[in-house]
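Chemist: Whatever this is, show me its structure:
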Amino acid sequence: MLKKLSAFLLAVILIILSAAFISCDNKISGGSDTNSSASNDINQAVSGENATESETMSEKVTPDLPDKTYDGYEFTFLLKGPNYNEWASMDIASEGENGDIINDSIYRRNTYVEDKYDVKIAWNLNNDPNTAYKKTFNAGDSTYDIFMPDLPSASQIAQQGMFYDMKKMPYTDLSAIWWDQQAVKELSIGGKLYYCTGDLSFTAIDTIWIMMFNKSLIKQYGLEDPYSVVKNGDWTYDKLEEMIKGVSKDLNNDGKIDENDLVGFVSPSDRYVRAMILSGGESFTEKTSDDYFNFKSPDSKFIEIYDRTMQFMHDNPDVLDVNNIKDQGTDYQTNKYFLAKTMFQENRVLFFSEVMQNMVRLRQMDTDFGVIPLPKYSKDQTVVPHYVFVDTTTVAAVPANAPDIERTSTILEALTAESTYTVIPAYYDVSLKTKLARDEQSGEMMDLIRASRTYDLASVYDFGGIYEAITNAIIQNKVGYQSAIDKIQGKIDTGIVKIVNQYKSLE
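Modeler: This is a model prediction of the structure:
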């Protein structure tokens with residue numbers, strides 16, 4: 001959203017905030033417990049097609065849905081269960097109000113739709129939802145009305161003909177503000193859309209790749225205010241390298257810079273390099289005229305961005321690649337990503353680049369931090385797309401054997417639309433931007449980042465093993481990008497042909 005909140009949204013937020021302090025007798029189940037857990041230069045960067053969420057709403061927009069009820073029908077979601085840890089479903093299940101702002105907004109949304117259409121919202125939080133879905137579908141069982149897997153899983157299951165084309169759903173308006181328009185555009189295949197994301201799930205907010213900075217260290221080193229740097233149009237690769245220079249310190253005097261020391265910049269190289277390629281306006285794929293895709297051969301700019309980011313991640317003494325941090329155990333709270341977050345939380349990282357959900361993980365951090373966009377590759381760059389980490393991004397999919405597609409379309413649209421005025425304000429505007437962000441500037445930057453998100457189809461489909469090949473090339477830093485691609489070019493070409501043919505066979 002580039003807009004200021006409308007009067008309606010402000011009213012909703014005030015209601016939610018006040019309700020958060022009301023004690024409720026309703027007790028929440030295990031599934032719901034998870035819920036508790038600019039300058040012109042910038043404006044140009046998020047204008048046009050990527051800024052559809054900037055439309056100003058003076059009043060609540062309601063979906064055009066049939067005026068009918070469904071006799072208490074149990075409308076059931078299949079969701080990612082608790083074994084997914086912080087990426088388990090947190091936006092559908094709620095058994096009642098408990099004072100938690102996000103949980104309560106979910107409960108109100110569900111109750112509103114239940115009362116309006118005489119349905120009951122139900123869910124299955126499953127630790128192996130992909131297997132569960134395929135098993136029930138192949139058995140001809142239509143237990144689940146909506147399946148919400150991660151993007152890569154959705155892409156694989158869709159090719160098996162198990163999802164309904166959302167563009168054919170009678171009451172699903174994919175041009176509406178509650179659907180992510182960039183996802184609608186980029187995730188379509190052959191003119192069809194078998195899965196999508198929007199305001200029904202906030203993981204497409206959580207998984208946006210961002211930059212965070214430690215305010216105390218900025219002041220300690222006498223550095224420029226990052227917000228001002230961004231607003232002045234000076235936030236570039238060069239500026240980032242300039243600001244981190246000389247920051248790292250070997251705190252334990254063991255002769256090396258690692259997770260026990262103070263570091264200028266920390267991020268996992270395989271994800272950061274991808275993010276910077278996309279933010280530089282480049283991509284791994286390109287859409288064809290018939291809405292399929294091809295592998296995009298790298299041009300000189302792509303290689304320049306790749307090589308420079310690789311040099312930055314591997315050769316800069318003030319940079320630590322998260323992949324060089326050793327896991328301290330098998331629990332997710334002892335893995336390298338968690339340990340990198342801990343470094344930032346303990347004031348030992350100046351700039352930390354990770355997904356936006358880290359704002360939630362950093363809620364106990366005493367020192368204030370700020371949020372800014374990824375740096376531009378060059379000062380004259382105007383469009384700065386922001387990488388969505390698709391591995392953990394949740395999408396909604398409709399079973400191809402849905403017994404009543406009109407009912408499914410109606411309830412899905414009603415829930416997604418109502419989320420725009422309940423769950424998203426509670427999670428994004430109140431929780432992230434107001435309670436977890438440390439200042440108003442971060443909220444402004446988050447709006448710009450959110451409006452410029454983009455989806456990488458190479459990560460979604462992993463055709464020909466390209467995802468693993470690129471990941472290994474980046475982390476190991478032994479061969480250049482073109483050499484890594486040359487080794488599997490045949491597999492890439494074959495993989496794309498197979499995917500395209502598989503989708504065409506569904507027509």
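
Chemist: how much space between the residue of the chain most remote from its centre and Val349?
Modeler: In the chain, Asn253 marks the outermost C-alpha relative to the chain mean, sitting 38.2 Å out by CA atoms, centre = their mean. Asn253 sits 19 Å away from Val349, taking CB to CB, to the nearest Å as the criterion. C-beta here means a position set from N, CA and C on the backbone, and glycine is covered the same way.

Chemist: What mean pLDDT does stretch 61-70 get?
Modeler: Average pLDDT, stretch 61-70: 97.

Chemist: buried set for it?
Modeler: 63, 65 (16 or more other CB atoms under 10 Å).

Chemist: How about stretch 327-341?
Modeler: For stretch 327-341, by 16+ other CB under 10 Å, it's 335-341.

Chemist: Contacts made by that stretch with the rest, please.
Modeler: For stretch 327-341, contacts defined as CB atoms under 8 Å, 6 or more residues apart in numbering pick out 85-86, 259, 266-268, 320, 322-323, 325-326, 349, 352, 354, 358, 361-362.

Chemist: And for stretch 478-488?
Modeler: 298, 302-303, 306-307, 464-466, 469-470, 472-473, 492.

Chemist: Pull the distance from it to the chain's centre.
Modeler: Stretch 478-488 has its C-alpha centroid displaced from the chain centroid by 28 Å (CA atoms, centre = their mean, to the nearest Å).

Chemist: which of the residues in it are buried?
Modeler: 481, 484-485, 488.

Chemist: Next, format those residues as TSV and append distance to Arg407 and secondary structure.
Modeler: Listed next are the buried residues of stretch 478-488 as TSV, based on distance: CB to CB, whole Å; DSSP: H, G, I helix; E, B strand; the rest coil:
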residue	distance to Arg407	secondary structure
Tyr481	48	helix
Ala484	48	helix
Ile485	46	helix
Ile488	45	helix
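
Chemist: out of the contacts of stretch 327-341, which are buried?
Modeler: Using 16+ other CB under 10 Å, the buried ones in the contacts of stretch 327-341 are 86, 259, 266-268, 320, 322-323, 325, 349, 352, 354, 358, 361-362.

Chemist: Return the subset of these lying in strands.
Modeler: Secondary structure from DSSP state E places 266-267, 320, 349, 352, 354 of the buried ones among the contacts of stretch 327-341 in strands.

Chemist: of the residues you listed, closest to Asp429?
Modeler: The nearest member of those to Asp429, counting by CB to CB, is Glu354 at 21.4 Å.

Chemist: Count the residues that sit near the closest residue to Val184 other than its chain neighbours.
Modeler: The shortest distance from Val184 to any non-neighbouring residue, by CB to CB, 6 or more residues apart in numbering, is to Leu174 (5.0 Å). When counting by other CB atoms under 10 Å, one arrives at 19 neighbours for Leu174.

Chemist: Can you tell me which of the contacts of stretch 478-488 are buried?
Modeler: Buried among the contacts of stretch 478-488 (16+ other CB under 10 Å): 298, 302, 306, 464, 466, 469-470, 473, 492.

Chemist: Format these as a markdown table; extra columns: distance to Tyr107, secondary structure and pLDDT.
Modeler: Converted to a markdown table, the buried ones among the contacts of stretch 478-488 look like this (distance: CB to CB, whole Å; DSSP: H, G, I helix; E, B strand; the rest coil; pLDDT from 0 to 100):
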| residue | distance to Tyr107 | secondary structure | pLDDT |
| --- | --- | --- | --- |
| Pro298 | 48 | coil | 96 |
| Phe302 | 47 | helix | 97 |
| Tyr306 | 46 | helix | 97 |
| Gly464 | 45 | helix | 96 |
| Ile466 | 42 | helix | 96 |
| Ala469 | 45 | helix | 96 |
| Ile470 | 42 | helix | 96 |
| Ala473 | 46 | helix | 96 |
| Ile492 | 46 | helix | 97 |
